[in-house]
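> model the following, please.
(one chain, ligands or ions: 1)
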Amino acid sequence: MLGKSHLLVGLTAGVVLDSFAQLSGPPLTMSGSVPLSLVINKAIFYFMVGFGALLPDIDNARSTLGRKLGWVSREIQHVAGHRTLFHSILGLFLGSLLAIGLERLVEFLLSQRGFVFPAQFIGATHLVFFAVLFGCIMHIAADGLTEGGVPLMWPNHRRYGFPPNPHWRFRTGDWPEHLIVYSFMLLVGVGVYMAYIRI
Ligand SMILES: [Zn+2]
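The predicted structure follows:
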């Protein structure tokens, strides 16, 4: 899938996850006055889901994230190849390690700037960790819908996807990709409008 699609799918799925699991705190519509720390929690959650949703394509120098990272991405693509390690369960494990480090960094930066409550909240709930990991999982799941599939068990090269027959899947960037992404957003949008899903 394209970077833009991954971002939209990840953030939309993040809305659904947060509505049910309430990782980032109570829904904004539920609290009479909206405290700044709640807004910060929500902003960090969605930023980190978005980051996680782009992260597996770190192995593609021409991807949205790869272009920003320049030579780092070129090296990774050169050594590992696109859609290998970083689109597997082993890659999710590496992503988790990165997410733990990132969480400590965010916690530190927040407390240093005087945002004590969001820093404590993140330390207690592991909001950053779950957000990044969820974004990565959504990325790999979405790539599983494309013709190429994903090598979940890498270093085993067998590729997995849904539907299991690759001929029924679409090619990255083709019209079914946009149809799926916008239908999903529309569906969740209706859910939010009907108040089944709360942000
Ligand atoms: Zn990918």
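
> next helix or strand past the helix or strand containing Gly101?
Using DSSP states H and E, Gly101 sits within helix 89-112. Using DSSP H and E, the helix or strand that directly follows helix 89-112 along the chain is helix 116-125.

> so what touches that next one?
In this structure, residues lying in contact with helix 116-125 by Cβ atoms under 8 Å, 6 or more residues apart in numbering are 23, 25, 37, 40-41, 44, 103, 106-108, 110-111, 127-128. No exception for glycine: its C-beta is placed from N, CA and C like everyone else's.

> buried stuff in it?
118-119, 121-123, 125 (16 or more other Cβ atoms under 10 Å).

> same deal with stretch 7-19?
7-19.

> distance-wise, check Phe134 relative to Gln120.
Shown here: Phe134 relative to Gln120, a distance of 22 Å by Cβ to Cβ, to the nearest Å.

> so what does the nearest residue to Ala131 once chain neighbours are set aside have for phi and psi?
Nearest non-adjacent residue to Ala131, counting by Cβ to Cβ, 6 or more residues apart in numbering: Met48, 3.6 Å away. Per-residue torsions, Met48: phi -70, psi -30 (degrees, to the nearest 10).

> burial of Arg67, as a residue count?
Arg67 has 12 neighbours, counted by other Cβ atoms under 10 Å.

> these two touch, right, it and Ile58?
No: between Arg67 and Ile58 there is no contact under Cβ atoms under 8 Å: 11.1 Å.

> intersection of neighbour lists for the two?
The contact lists of Arg67 and Ile58 share Ser73, where a contact means Cβ under 8 Å, 6+ apart.

> point to the residue nearest the middle of the protein.
When Cα atoms, centre = their mean is applied to the chain, the residue found nearest the centroid is Gly135 (1.6 Å).

> number of nearby residues for Leu90?
Using other Cβ under 10 Å, Leu90 is surrounded by 16 other residues.

> which pair in the buried residues of stretch 7-19 spans the largest distance?
Leu7 and Ser19 (18.9 Å; Cβ to Cβ).

> would you mind listing what in this structure touches the ion?
By Cβ under 5 Å from the ion, the residues of the chain that approach the ion are 56-57, 143.

> looking at those, which one is closest to Pro155?
Pro56 (16.1 Å).

> thinking again about what came up before, just the buried members of the contacts of helix 116-125?
Neighbour counting with 16+ other Cβ under 10 Å marks 23, 25, 37, 40-41, 44, 103, 106-107, 110-111, 127-128 as buried within those.
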